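# Here is my input, please return the structure:
(chains A and B)
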Amino acid sequence: MNTPGHGQEERTGLGTFADNLRKVPRRFIESMFRTGRPDSDRSRNDFVFSNFFLHVQSVRTHRWSLRWSTTWGLGMVALSSFLIATVTGILLMFYYKPYPEAAYQSIKDIHFVVPTGRFLRNIHRWSANVMVFSVLIHMARVFYTASYRKPREFNWATGMFLLVVTLGLSFTGYLLPWDQLAYWAITIGANIAQSPREVTDPIGLTPHFDPGGLQKLLLLGSDEVGAEALIRFYLLHVMILPIALCGLLGIHFWRIRKDGGLAKPEDADRRLGGPDPEAVPAWTAAPRKTWSLAAVVRGRTPAVGAGAENTVPSMPHLFYAEAAVFMLTFLVCVLLSIVSDAPLKELANPNVPENPAKAPWYFLGLQELVAHSAFAGGVLIPGIIIVGLGLIPYLDREKKGTGEWFGGPGGGKLVAWSAVFGLGTVLALEAIAIRFGWLRQWFPGTPQLLITAINPGTVLTLIYGLYSVYIVRRFNSMRAGALGLFTCFLMGFLVLTVIGTWFRGPNWDFYWSPSQWPGH
Amino acid sequence: MSTHSEPSPGKPSRLDPEAMPRRDFLGIAAASMAAGACGFAALGAAKLPKAAVLPSAAKKFKVTLPESLPSGTPFFPEGRSVVVFKDGDRVFAMSTVCTHLGCIVKPAAMGFDCPCHGSQFAPDGTVLRGPAPKGLPWLSVRSAGGGAILIDEGTVVPPGTKETV
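Below you'll find the model as predicted:
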């Protein structure tokens, strides 16, 4: 009687059982990865292609995408900080209680009693700040390298939604400690949501059509910041917005691959100076079906029909770079958390406003505008900016300069001049407003609608808009106009944020230094 | 054989389009109804977060002004964002919630200052400077008997309305 084995000793059923049991860990790993060690070009491809978490990225990456100056790894920094914030956020949820006073006490417990609680809270707060910051400069990178163009327009639009969700996540987290800082920032935020009344009130529309009141009611679940607002912000912060963000992130990453990887200049291959001499030619290794599918992507890329000689396997080249960016981001968050504690002021007191009551830093530029008109600075101008940004790839249908820093007509010189123009304009306007006041001081009794229409924020927006129209005409190029406008708004954002952060004190008065603030 | 292509009875033409087949019609009708149902369900679900009951505290409260309160000196009832003034034997009340972004104004030399964005109000609530779009709202005041007055934060009255109590 023959055994089904190799004709060796006959094994009992129990022996096979023991043998199989012994091999379970290895077989489990094998069944999980299926492809074996990624030690040849082909097995590296399979390693990516058959891995649920990795296959959202292409199996081979163009060498241009791996240059630091192509992306500076900013998108990966944003993702890393989101992951760090998610993990620390879940840990904080073990202790946090979303109810007024209890919320404050639980944050106090986390800060002063829970082992490593303060550290975790600091990392959570810093990773959130790093996330907002990296998302903003990631957007600037994509803009300045003209990487939003066809076929990547939709991914830019997705990025706009991601920006809004990121800001929403950070802002909803601001209320949760239920201290004075949180309470008054959210009071201001909720009243900005209500500020369309600034327009509907004077024309008598509010009793019939009140979008401002509805927005505030939806946000707070009440007419003032209280327990209902806290539970709503908590729900948004830990559930609705993270889910929305994950969905959008999935689309965002998937589209990178589907759109043919990162944008690169037409002559990227020539500039790289031919294939890496170390690299194994991709097309000589008798590609199998999955190989060719994976290496050839749709669209206008050098890879189509031309082989993939300037690409390298994503494993390890891309993934190691990503891991490095992740670790660097983590390191930065940890270091910042060691040197700087997350603030916790007194328990929220609805009768005594914090003075000055400052929003998180990325909203201080808007708060500076809001200090002239709530509707113009809080709703109108941000709306114009978000919609305007979203339209960029649909208006700029040009080809020149794709994938190059400051690419397009005008180039770096135009950006530099626009920066000077943008800086000069915003500084001049702010100086006038701070030194001489605005319409209400000059002509007491100026109707509110006029102030809403004409204030430093709207005037600045108008000047920047006219400037970009001039640039469009002069260079006969939408891209040039976009370069000018984006740079101007970037300068405006920068200057207003700096003034709001460091030069505004009690009663939102201008001070050269916080040491000059009057005691109160 | 004619070279002109006569529209044959079974073929659609520009002039005589074929009627929509029954199956297509039913399919489109079913799909639109399903989409409509989903739309209405989403609308219904979206209505839920709109607070049906406002949980804030009652807007009406009683307060007794001190006998010695001089005319024109602000009096702040405990725990309320309201200021009350005496004017001879008449009283009036104003909200101290800034009409700009909801901060609480404090008494100052000129009247009231808002700490958040620098709005300034005259003692009668009119805007002097800053971003506030409207003056401080005047509130309904009634005598509640026994020297007490009843203030209703939910009822705004025209500025200048003073009540004899």
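# From here on, just use CA atoms for contacts and neighbour counts.
Noted.
# what sits against the closest residue to chain B within the stretch 351-500 of chain A?
Chain B sits closest to A:His372 of the stretch 351-500 of chain A, with a gap of 4.8 Å, by C-alpha to the nearest C-alpha. Residues near A:His372 by C-alpha atoms under 8 Å, 6 or more residues apart in numbering or on different chains: A:Ile451, A:Thr452, A:Asn455, A:Pro456, A:Gly457, B:Gly130, B:Pro131.
# Swap in 7 Å and give it another go.
If you count contacts by C-alpha atoms under 7 Å, 6 or more residues apart in numbering or on different chains, A:His372 has them with A:Asn455, B:Gly130, B:Pro131.
# If we ignore the residues flanking it in sequence, what's nearest the first one?
The one in question is A:Asn455. A:His372 (6.4 Å; C-alpha to C-alpha, 6 or more residues apart in numbering or on different chains).
# helix, strand or coil for that neighbour?
coil (DSSP: H, G, I helix; E, B strand; the rest coil).
# how far away is A:Arg435 from A:Leu214?
From A:Arg435 across to A:Leu214, the span is 37 Å (C-alpha to C-alpha, to the nearest Å).
# Assess the claim that A:Ser106 and A:Tyr99 are in contact.
No: using C-alpha atoms under 7 Å, A:Ser106 makes no contact with A:Tyr99, being 9.7 Å away.
# What is the neighbour count of the residue of chain B found nearest chain A?
Nearest residue of chain B to chain A: B:Pro115, at 4.0 Å (C-alpha to the nearest C-alpha). By other C-alpha atoms under 10 Å in any protein chain shown, the residues close to B:Pro115 number 24.
# Name the nearest residue to the most centrally placed residue in chain A, sequence neighbours excluded.
Using C-alpha atoms, centre = their mean, the residue of chain A that lies closest to the mean C-alpha position is A:Val135, 2.7 Å off. Once flanking residues are discounted, A:Val135 sits nearest to A:Ala78: 5.8 Å by C-alpha to C-alpha, 6+ apart.
# Quick one: residues contacting the one you found.
A:Met131, A:Ser134, A:Val135.
# Can you name every helix or strand that the helix or strand that contains the first one contacts?
For A:Met131, the enclosing helix or strand under DSSP states H and E is helix A:117-144. The criterion is 3 or more C-alpha pairs under 7 Å, 6 or more residues apart in numbering or on different chains; DSSP states H and E, and the helices and strands that helix A:117-144 contacts are helix A:74-93, helix A:102-112, helix A:153-175, helix A:314-339.
# can I get these in CSV with mean pLDDT?
Below are the helices and strands packed on helix A:117-144 laid out as CSV (pLDDT from 0 to 100):
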stretch, mean pLDDT
helix A:74-93, 97
helix A:102-112, 95
helix A:153-175, 95
helix A:314-339, 94
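# Go through those helices and name the closest to A:Ser477.
helix A:153-175 (18.0 Å; C-alpha to C-alpha).
# Could you give the separation of stretch A:83-95 from the chain centroid?
19 Å (C-alpha atoms, centre = their mean, to the nearest Å).
# and A:Lys431, how many residues sit next to it?
Let me fix one detail, which is that residue A:431 is Ala and not Lys. 12.
# which SSE is it in?
Going by DSSP H and E, A:Ala431 is part of helix A:411-436.
# Now that helix: buried residues?
A:411, A:414-415, A:418-419, A:421-423, A:425-427, A:429-430 (16 or more other C-alpha atoms under 10 Å in any protein chain shown).
# Can you list the helices and strands that it packs against?
By 3+ C-alpha pairs under 7 Å, 6+ apart, helix A:411-436 packs against helix A:478-502.
# Identify the residues contacting the helix it packs on?
Under C-alpha under 7 Å, 6+ apart, the answer for helix A:478-502 is A:361-362, A:364-365, A:368, A:395-396, A:408-410, A:414-415, A:418-419, A:422-423, A:426, A:464-465, A:468-469, A:471-472.
# Show me which residues of chain A sit near chain B.
A:187-188, A:191-192, A:198, A:217-218, A:221-222, A:351-353, A:355-357, A:371-374, A:440-441, A:448, A:506-509 (C-alpha under 7 Å from any C-alpha of the partner chain).
# PyMOL command for the buried members of the residues you listed?
Selection command for PyMOL covering only the buried members of these, criterion 16+ other C-alpha under 10 Å:
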select buried, chain A and resi 187+188+191+192+198+217+218+221+222+353+355+356+357+371+372+373+374+440+448+506+507+508
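# I'd like the list of the residues of chain A next to chain B that fall within strands, please.
In strands, judged by DSSP state E, none of these are found.
# which stretches of chain B have low pLDDT?
Along chain B, segments meeting pLDDT under 70 span B:1-13, B:16.
# quick one, strands of it?
Ranges of strands in chain B, per DSSP E, are B:60-64, B:82-87, B:90-95, B:106-108, B:111-113, B:120-121, B:127-129, B:138-145, B:148-157, B:163-164.
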